[in-house]
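A.B. asks: Here is a sequence with its predicted model. Questions after.
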Amino acid sequence: MPGLKYNNRSWTLYFPSEEDLDRWQELAKAAKLPLSHWIFETMELHLAESPQEGHDLAKEVSQFKEEIATLHEELRIKSKILQQYETELFNLRHREFLQSPSEIRGFAQLSEELVELLKKGKTWRSDDLLKALNLDPKNKDSISILLNQLQGLQDFGLVEESTKGWRWVK
């Protein structure tokens, strides 16, 4: 129990382990201070080195979380816009494939990205191809164009369709 002169100024400190208490006592002994004075002086030095005014870590963390949420939302919106542009570009570049492959007359440009994906040797489901090409899976024209290109490649014996999806065979 602290003496009366320390009334309302005492505080009890529990150490995580006896080793921690021993280590702090050794440090206080080396500084030629009682443990309580050494703890107080160490804390005062720490507070002097890193003032707490305007340095509220919880507030900073909260601000960073809000900023991250805002950036995630912006990224989601921009990714959606990019997907719309890529879908529109894909549809414009390959609009000839809105007809079935047998009805196409003349020259029609296949999607190089599609061919490169298929040549990697993996079996692709149609929805995975749409995702890999960053095409809107709800856009009917893109789906028709993609399926007609795959059908055309199949007609030439370059790809085959199985229950697992499409794969390059040449």
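C.D. replies: Everything's here; your move.
A.B. asks: Could you pull out the helices in this structure for me?
C.D. replies: 18-30, 35-49, 57-93, 112-119, 126-132, 140-155 (DSSP state H).
A.B. asks: deepest of those, which one?
C.D. replies: Of all the helices of the chain, helix 140-155 has the most neighbours on average by mean count of other C-beta atoms under 10 Å, namely a mean of 18. Yep, even glycine has a C-beta here, placed from its N, CA and C like the rest.
A.B. asks: okay if I get the helices of the chain as JSON lines plus mean pLDDT?
C.D. replies: As requested, those are arranged in JSON lines below (pLDDT from 0 to 100):
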{"stretch": "helix 18-30", "mean pLDDT": "93"}
{"stretch": "helix 35-49", "mean pLDDT": "86"}
{"stretch": "helix 57-93", "mean pLDDT": "93"}
{"stretch": "helix 112-119", "mean pLDDT": "93"}
{"stretch": "helix 126-132", "mean pLDDT": "94"}
{"stretch": "helix 140-155", "mean pLDDT": "92"}
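A.B. asks: Roughly how far does the spatially most central residue of the chain sit from residue 13?
C.D. replies: In the chain, the residue lying closest to the centroid (C-alpha atoms, centre = their mean) is residue 72, at 8.7 Å. Look at residue 72 and residue 13: by C-beta to C-beta, to the nearest Å, they are 42 Å apart.
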